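> need coordinates for the below:
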Amino acid sequence: MDSEMATAPQRGLTVDDERPTIATATRRAVERSGGWTGVAIASAPTVAFVIANAVAGLTWAFIALAGAASVAFGVRLVRRESLRVALIGLVVAAGCALVAALTGEARGFFLVPTLLPAGWVLAFLGSVLVGRPLTGVALNRLARGPRNWRRHPALRRVYNVTSLIAAGICFVNFVLGGVLYLTDQLAAMAAMDVAVMPVPFVLAAFTVAAARRAIRRSAAATPTPRS
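Got it, this is the predicted structure:
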């Protein structure tokens with residue numbers, strides 16, 4: 001019964017027969033991001049930049065970054081990942097390198113990643129305030145929720161809570177990143193960048209699992225019309 005669906009006609013909620021678990025959702029979310037190998041590939045340019053800077057200085061750090069970013073791009077293509085994702089990786093590395101070159105400091109490489117979470121904090125909080133939580137906008141389709149999910153209190157509550165959690169995570173990321181940047185802790189900033197890479201996927205997995213459980217509970221609570 002791989003494709004069978006249970007439907008609640010009065011609420012317009014569809015539910016998978018398979019009960020979702022956070023562990024399964026997390027595994028699938030990481031797989032969609034390219035797996036742990038994908039995380040390693042994404043972090044390679046940053047790690048190469050920091051190591052080369054520590055060993056030989058900023059000039060060699062740029063050379064190592066260019067080499068690692070090119071290799072990461074090639075590996076992504078070999079792995080048949082999306083060309084758009086591979087190009088984004090190159091653009092991000094180039095942008096961070098440009099900021100480092102303009103500031104003349106190796107820590108400039110981390111300036112944009114340090115400031116970006118502040119923007120996400122405002123985006124997540126603002127989305128909740130206007131009644132369109134970002135986790136719902138981004139993940140409702142993946143959770144197989146109805147198009148009018150904002151009219152379903154249980155689903156809206158899930159997306160509001162997970163959007164607030166995301167805002168909290170971004171705030172902590174911004175504060176810690178800012179402290180490390182101001183104290184010029186390059187190795188710690190690189191470690192932090194690598195450590196937080198799986199976090200969005202885990203949060204997305206948690207959101208999808210929680211949303212599907214909310215859909216299941218709502219469907220179970222809806223009385224089936226008698227024929």
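
> gap between Arg151 and Val161?
17 Å (CB to CB, to the nearest Å). All C-beta atoms are positioned from the backbone trio N, CA, C, and that covers glycine.

> the two: who's more crowded?
Taking other CB atoms under 10 Å, Arg151 and Val161 do not tie; Val161 has more neighbours (15 against 11).

> and that one, how far is that from Leu203?
11 Å.

> same question, Arg76
Arg76 is 23 Å from Leu203, by CB to CB.

> same check on Trp120?
12 Å.

> so what sits against both of these two?
Ala166 (CB atoms under 8 Å, 6 or more residues apart in numbering).

> where's the residue nearest the centre of the chain, which helix or strand?
Closest to where the C-alpha atoms of the chain average out (CA atoms, centre = their mean) is Pro200, at 2.8 Å. Pro200 is part of helix 199-221, with elements assigned from DSSP states H and E.

> gap between that helix and the chain center?
16 Å (CA atoms, centre = their mean, to the nearest Å).

> for that helix, packing partners?
With contacts taken as 3 or more CB pairs under 8 Å, 6 or more residues apart in numbering; DSSP states H and E, helix 199-221 sits against strand 5-8, strand 13-16, helix 22-32, helix 134-139, helix 153-182.

> next secondary structure after the third one?
Beyond helix 22-32 in the direction of the C-terminus, DSSP H and E gives the next helix or strand as helix 35-56.

> give me the residues contacting that following helix.
So helix 35-56 is contacted by 30, 33-34, 60-65, 67-69, 71-72, 75-76, 79, 81, 89, 93, 97, 106, 109, 186-187, 189-190, 193-194, 197-198 (CB under 8 Å, 6+ apart).

> among those residues, which lie within helices?
30, 60-65, 67-69, 71-72, 75-76, 89, 93, 97, 186-187, 189-190, 193-194 (DSSP state H).

> which of those residues are buried?
30, 61-62, 64-65, 68-69, 72, 75-76, 89, 93, 97, 186, 189-190, 193-194 (16 or more other CB atoms under 10 Å).

> give me the buried stretch members for stretch 74-87, please.
Val75, Arg76, Glu81, Ala86.

> out of those, who's nearest Arg216?
Glu81 (32.8 Å; CB to CB).

> using a markdown table, lay out the buried residues of stretch 74-87 together with pLDDT.
Listed next are these as a markdown table, based on pLDDT from 0 to 100:
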| residue | pLDDT |
| --- | --- |
| Val75 | 89 |
| Arg76 | 86 |
| Glu81 | 78 |
| Ala86 | 80 |
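
> could you export those as TSV, including distance to Val175?
Putting the buried residues of stretch 74-87 into TSV (distance: CB to CB, whole Å) gives the following:
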residue	distance to Val175
Val75	33
Arg76	32
Glu81	32
Ala86	32
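
> neighbours of the closest residue in space to Ala154 that isn't next to it in sequence, how many?
Ranked by CB to CB, 6 or more residues apart in numbering and with sequence neighbours excluded, the top spatial neighbour of Ala154 is Ala214, at 4.1 Å. The number of residues packed near Ala214 is 22, by other CB under 10 Å.

> so how far is stretch 174-187 off the chain centroid?
21 Å.

> list the buried residues of it.
Buried residues in stretch 174-187, counted by 16+ other CB under 10 Å: Phe174, Leu176, Gly177, Leu180, Tyr181, Leu186.
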